[in-house]
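Engineer: starting from these lines, generate the structure:
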Amino acid sequence: MPDRAHSRHVRRSRLIPIWALLLGAFIVAAIGSVPYYAGNDSYVLLLLGKFLCFAIFALSIDLIWGFAGILSLGQAVYFGMGAYFVALSLKINYAMEHPTRYGSKFPDFMEWNGLKELPGFMTPLISTPVAVICALIIPTLLAFIFGVITFKRQIYGVYCAVITLAEALILQEFIIEYQAYLGGFNGITDYGNFVGAPFLWLILAISVAFFILARLITHSRIGTVLKAIRDNDVRAEFMGYNVANYRIFVFCVSAFMAATAGAMYAAWVGIVSFLDAGPLLSVEGVIWTAVGGRATLIGPFLGAFLVRGLEFVLSGSWFANYWQFFMGVLFIAVVLWIPDGLVGTIANWLRRRRRGSIAQIRAEEDRIAHDQQRDWEPAGAAKSGEEVV
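Structural biologist: Numbering: from 1, shown residues only. So this is what the prediction gives:
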């Protein structure tokens, strides 16, 4: 008579539950239809595109912080690099089509700073596709180099956070110092933008694609290993996993997402500055992720829209002068009272309500872990309780 425990089928959870799929489709359709009832020149449409870019940026932070335990205070480096590559390309092309008042056909801020022509190393950026490729590949390559230098040396935790913070400060000072090439304090402006329905749909499509990609990674075997590394990297390394390689991989994916968000942000808004590559934006991204819910994937979207939406609503009142103070208090409150964020707290409450007592929850988690372990055993290997003849 077969063992009932061994004949039990492994229950696999859906990648995205049906109810979440329907709700997500409704939200995507609602956002995609905004240009029809708000108009292409609406300020609400401009804000919506910005919020989506910031949501992707927060998602990139959640992927490394929530699932791999890497707190990056310099994630805006990759966002800013992507933004500056695209902004430079658009500005160069705009200047070629609309000469400055002095008749020059290269960016005006370069002319104001004494340059006589477009620098030779920037000529490839005349091609916008080349600029987009650079905006995505170079930040990812930088993240790979950073990961090899840092994670291979087993620099984790607060030391890693401090190094990423220094990375953001260095890039910010680099932009300010080389004003003739990058615009300095004034940033890069007056090159037009792509605000409108087609580009909003592109941002929305990439947002959905990145969410699905993050869901695939975190719900795969790689995601399970990343969570084990997050919880106890020493134990994961003792079990034979190459902790550094896993962290380098997820860090590069995160940098690619942030760079993509920055590239779309530059094209959508029509202005970039050194603040878009500095530590302030990085810290704001961490706050958005914490408020929405770390390690939830949907939390960064909620946090970015909620916090940025509040900033927009309150910007016209006296409260605007105290916004940064409010952000600090909000972050402290989230850490102290709802450490799992809004989505995480609601999910935990629903889980307890649906699954009963703590003992029942632990038993269910143990059963799922046991089933996954059996599912991952190599073909031909003896199962638990079986003998090899």
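
Engineer: end-to-end on stretch 173-187?
Structural biologist: Start and end residues of stretch 173-187 are separated by 13 Å (Cα to Cα, to the nearest Å).

Engineer: low-confidence regions, the chain specifically.
Structural biologist: Applying pLDDT under 70 to the chain flags residues 1-13, 100-103, 355-366, 368-389.

Engineer: separation between residue 231 and residue 292?
Structural biologist: Separation of residue 231 from residue 292 (Cβ to Cβ, to the nearest Å): 21 Å. (Each C-beta comes from the backbone N, C-alpha and C, glycine too.)

Engineer: whoops, residue 347 was the one
Structural biologist: 12 Å.

Engineer: now the helix or strand where residue 199 lies, how far from the centre of its chain.
Structural biologist: Per DSSP states H and E: residue 199 is located in helix 197-218. What separates the centre of helix 197-218 from the centre of its chain is 11 Å, taken as Cα atoms, centre = their mean, to the nearest Å.

Engineer: kindly report the same for stretch 268-282.
Structural biologist: On Cα atoms, centre = their mean, the centre of stretch 268-282 falls 15 Å from the chain's centre.

Engineer: quote the end-to-end distance of it.
Structural biologist: One end of stretch 268-282 sits 20 Å from the other (Cα to Cα).

Engineer: measure the nearest residue to residue 233 once chain neighbours are set aside to residue 73 for me?
Structural biologist: The shortest distance from residue 233 to any residue other than its chain neighbours is 5.1 Å, reached at residue 243 (Cβ to Cβ, 6 or more residues apart in numbering). Computed as Cβ to Cβ, the residue 243 to residue 73 distance reads 21 Å.

Engineer: ok, now which ones touch the nearest residue to residue 270 once chain neighbours are set aside?
Structural biologist: Residue nearest to residue 270 in three dimensions, not counting chain neighbours: residue 193, with 3.3 Å by Cβ to Cβ, 6+ apart. By Cβ atoms under 8 Å, 6 or more residues apart in numbering, residue 193 lies in contact with 267-270.

Engineer: mind doing that once more with 10 Å?
Structural biologist: 46, 49, 90, 199, 266-271 (Cβ atoms under 10 Å, 6 or more residues apart in numbering).

Engineer: most neighbours of all those, which one?
Structural biologist: residue 266 (31 neighbours; other Cβ atoms under 10 Å).

Engineer: phi and psi next, for it.
Structural biologist: Main-chain dihedrals, residue 266, degrees, to the nearest 10: phi -60, psi -40.

Engineer: list the contacts of stretch 29-48.
Structural biologist: Residues from elsewhere that reach stretch 29-48, judged by Cβ under 10 Å, 6+ apart: 49, 51-52, 193, 195-198, 200-201, 203-205, 207, 268-270, 305, 308-309, 312.

Engineer: before we move on, back to that, part of a strand, is the residue nearest to residue 270?
Structural biologist: No: counting by DSSP: H, G, I helix; E, B strand; the rest coil, residue 193 is not found in a strand; it is coil.

Engineer: circling back: what about the residue nearest to residue 233, how many residues nearby?
Structural biologist: Neighbour count for residue 243, taken as other Cβ under 10 Å: 23.

Engineer: now do the one 3 residues further on
Structural biologist: If you count neighbours by other Cβ under 10 Å, residue 246 ends up with 19.

Engineer: do residue 190 as well
Structural biologist: Neighbours of residue 190 under the rule other Cβ under 10 Å: 13.

Engineer: quick check: it touching residue 107?
Structural biologist: Yes: counting by Cβ atoms under 10 Å, residue 190 touches residue 107, with 9.2 Å between them.

Engineer: now the common contact residues for those two.
Structural biologist: Taking Cβ under 10 Å, 6+ apart as the contact rule, residue 190 and residue 107 both touch 91, 94-95.

Engineer: what are the ranges of the helices in the stretch 151-300 of the chain?
Structural biologist: 157-177, 179-182, 197-218, 221-231, 233-238, 243-269, 279-292, 298-314 (DSSP state H, counting those that start in this stretch).

Engineer: let's have the ones you listed in TSV, adding distance to residue 85.
Structural biologist: Output for these, formatted as TSV (distance: least, Cβ to Cβ, whole Å):
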stretch	distance to residue 85
helix 157-177	13
helix 179-182	11
helix 197-218	17
helix 221-231	29
helix 233-238	34
helix 243-269	7
helix 279-292	17
helix 298-314	23
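
Engineer: wait, which of the ones you listed is closest to residue 57?
Structural biologist: In terms of Cβ to Cβ, the element of those nearest to residue 57 is helix 243-269, at 4.5 Å.

Engineer: mind listing what's buried in that closest one?
Structural biologist: For helix 243-269, burial by neighbour count (16 or more other Cβ atoms under 10 Å) applies to 243-244, 246-269.

Engineer: could you give the angle of the helix or strand residue 342 falls within to helix 298-314?
Structural biologist: Secondary structure from DSSP H and E places residue 342 in helix 341-355. Interaxial angle, helix 341-355 versus helix 298-314 (axes from the mean of the first three to the mean of the last three Cα atoms, to 10 degrees): 130 degrees.
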